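> Please work out how this folds:
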Amino acid sequence: MKNFAVFALASAIALPGAAMAQATAPAQTGTATATAGVTVTTGATVYDTSGGVVGTVDSTDGTNAVINTGTVKAAVPLTSLGKGAQGPVLALTKAQLEAAAGQQQAQASAEFKSKLVPGATVYGTGGAQLGTIKSVDATGVTLTTTDGDAKLPMNGFGPGPQGITIGMTAAQLKAAMGAAAPAAGASAATATQADAATAATDTAAEATTTAAATAKAKRKPR
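Numbering: from 1, shown residues only. Reported below is the predicted structural model:
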């Protein structure tokens, strides 16, 4: 069975939005920051209760608002946003929101990695089944496909609608595996040539030593 290494495609297959975290923020209370009447729109600046900038709203689905702090993107329930003099107010500072999002992301990442086990089905962009996980180690995930085995970086895998997903179509993965095969063959050929050269050097050295010993044995004492 063919075995390909496709580590060079780490950036190409990384799933967009993988850094998104669901941050839980305390609900706003009080007249000045009552949730009623708050208008949250894309691009709006979100402030903390002291007037400091938390981030901007990347998007909202009517239930949550995705706040971009410049470091992380965190989905915050709209019920956690209040109305302030400058705009939407969150009862967390930028640093607190980033810390909460980081904890959520770490937890979600650990939960997802626990699903990367041999036999698990992997899907590609568009929902097509690409193969099953053969093995997982510190260097990546080996995926068994109809075209052979491919070793991919772990950060290329993420959750999808159907389960474990990578950001490639079946055709893209096949093309990447095909491109990796000649490189792997060239590396093997180079290694073989190096071994042959080493063996030749060792043989020549042995021949020289043997010749010297033979000449010495033939010398007659005067």
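> Can you work out which other helices and strands pack against the one helix or strand residue 149 maps to?
In this structure, residue 149 sits in strand 148-152 according to DSSP states H and E. Applying 3 or more C-beta pairs under 8 Å, 6 or more residues apart in numbering; DSSP states H and E, we find strand 148-152 packed against strand 3-5, strand 140-145, helix 170-218. Just so you know, the C-beta spots here come from the backbone N, C-alpha and C atoms, and that holds for glycine as well.
> Could I get the average pLDDT for it?
Strand 148-152 shows a mean pLDDT of 92.
> quick one: it to strand 140-145, angle?
Between the axis of strand 148-152 and that of strand 140-145 there is an angle of 150 degrees, by axes from the mean of the first three to the mean of the last three C-alpha atoms, to 10 degrees.
> Strand 148-152 pairs with which strands, and in what direction?
Here strand 148-152 is paired, per DSSP bridges, with strand 3-5 (parallel), strand 140-145 (antiparallel).
> ok, of the ones you listed, where does mean pLDDT dip lowest?
strand 3-5 - the lowest mean pLDDT of those, at a mean of 49.
> Am I right that residue 70 is in contact with residue 55?
Yes. In this structure, residue 70 is within contact of residue 55 by C-beta atoms under 8 Å, at 6.5 Å.
> Of these two, which one has the most company?
Taking neighbours as other C-beta atoms under 10 Å, residue 70 and residue 55 compare with residue 55 leading, 24 against 10.
> For residue 165, see how far away that one is.
Counting by C-beta to C-beta, to the nearest Å, the gap from residue 55 to residue 165 is 27 Å.
> what's the answer for residue 63, then?
According to C-beta to C-beta, residue 63 stands 24 Å off from residue 165.
> So between those two, which is more surrounded?
Neighbours per residue (other C-beta under 10 Å) separate residue 63 from residue 165, with residue 165 holding more: 21 against 9.
> Helix or strand for residue 82, just tell me which one.
Residue 82 is part of strand 81-83 when elements are defined by DSSP H and E.
> Indicate each strand paired with that strand and its parallel or antiparallel sense.
Strand 81-83 pairs in its sheet with strand 88-90 (antiparallel), by DSSP bridges.
> Give me the contact list for the strand it pairs with.
With C-beta atoms under 8 Å, 6 or more residues apart in numbering as the test, strand 88-90 has contacts from 25, 28, 33, 38, 40, 44-49, 54, 57, 65, 67, 76, 80-83, 97.
> Right, I'll call it a day here.
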